[in-house]
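A.B. asks: following is a predicted model, sequence given first.
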Amino acid sequence: MALAIVGIVLLVNGPGTKSAKKTTTTTSTSTSTTVATSTSSTVPPTTFPTPTTQPLTTAAVVPTCPPSTGSTTRVVWFTKAPPTCISATSVWDATFKTSLGDIVVQMPAAASFAAVNNFVFLALYQYYNGTFFHRVIPGFAVQGGDPTGTGTGGAVAGGKSGEAEYGLPGYAFTGNTPPASCSTKPTQAACYQPYDLVMANKGTATSDGSQFFFVLPGGQTQLSPLYTIFGKVTSGTNVVDKIGALGGPGPNGTPKVKVYLLSVTMRQISG
């Protein structure tokens with residue numbers, strides 16, 4: 001199911017999941033971390049080495065909380081949503097090591113427990129390692145979190161049990177969305193802000209899974225209040241901007257260059 005980000009025009013990428021809705025003015029560890037260099041410090045590289053990761057899961061597994069140090073086995077397909085694996089008062093830092101540099105995001109569990117618990121769970125299972133940002137729309141959003149790189153999570157009609165309905169990670173859960181008033185008053189503190197980390201879904205609070213997006217400057221006023229905010233970039237906003245500059249034209253946002261998410265490292269800082 002393609003996870004989309006929605007506004008006035010639905011951006012659908014496959015059999016089921018939308019990213020954010022874009023509004024208009026009318027409304028496994030990776031073994032390769034070297035970044036190719038360019039001739040100008042202002043021009044991003046055009047090619048990157050492909051990360052080496054463990055193979056994708058071929059059968060759904062029953063979710064259990066991974067070790068705090070992370071699972072040695074990569075798992076990307078589960079039979080259901082994860083159990084409670086973190087404290088409700090915990091605060092986490094996630095370091096996104098990308099082929100353009102590091103992005104650090106702070107995630108307070110109290111703000112959106114289900115989403116933070118889910119992200120920590122998946123990251124510790126190496127779910128995001130070696131993936132790439134498959135939808136990048138300049139001035140709007142940078143989306144990733146699909147190990148298949150398609151935006152659908154591999155969901156296909158007649159696919160394996162569970163996968164046909166959800167795609168990877170094999171389940172959906174209910175997040176918590178910003179106030180409905182954000183549609184008309186997007187500048188409220190509770191609404192989207194530049195460099196927020198937000199869950200992508202099918203346009204409903206019950207369809208969160210694994211995909212996420214970073215809100216680019218300008219994108220915060222284009223989003224319908226349908227997506228769970230669960231983190232904020234505290235370091236590496238320039239890296240988010242660099243990735244955003246490599247976006248493609250049109251609603252699909254096929255990037256001009258594949259920017260890889262080499263790994264995600266979780267660190268509990270309180271709680």
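C.D. replies: Perfect, thanks for sending it.

A.B. asks: where do the helices sit along the stretch 51-200 of the chain?
C.D. replies: Using DSSP state H, counting those that start in this stretch, the helices of the stretch 51-200 of the chain run over residues 113-124, 163-166.

A.B. asks: now those in TSV, with mean neighbour count, distance to residue 213 and mean pLDDT?
C.D. replies: (C-beta placed from N, C-alpha, C; glycine too.) Formatted as TSV, the helices of the stretch 51-200 of the chain follow (neighbours: other C-beta atoms under 10 Å; distance: least, C-beta to C-beta, whole Å; pLDDT from 0 to 100):
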stretch	mean neighbour count	distance to residue 213	mean pLDDT
helix 113-124	24	13	98
helix 163-166	18	18	57
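
A.B. asks: closest one to residue 77 among those?
C.D. replies: Shortest distance between residue 77 and those, using C-beta to C-beta, is found for helix 163-166: 7.1 Å.

A.B. asks: return the distance of the closest residue to residue 147 other than its chain neighbours relative to residue 135.
C.D. replies: Spatial nearest neighbour of residue 147, chain neighbours left out: residue 76 (4.9 Å); criterion: C-beta to C-beta, 6 or more residues apart in numbering. With distances taken as C-beta to C-beta, to the nearest Å, residue 76 is found 19 Å from residue 135.

A.B. asks: ok, residue 63 - how many residues close by?
C.D. replies: 20 (other C-beta atoms under 10 Å).

A.B. asks: before we move on, what's the pLDDT of it?
C.D. replies: With respect to pLDDT, residue 63 has a value of 97.

A.B. asks: buried stuff in stretch 88-106?
C.D. replies: Residues 90-101, 103-106 are the ones in stretch 88-106 that count as buried (16 or more other C-beta atoms under 10 Å).
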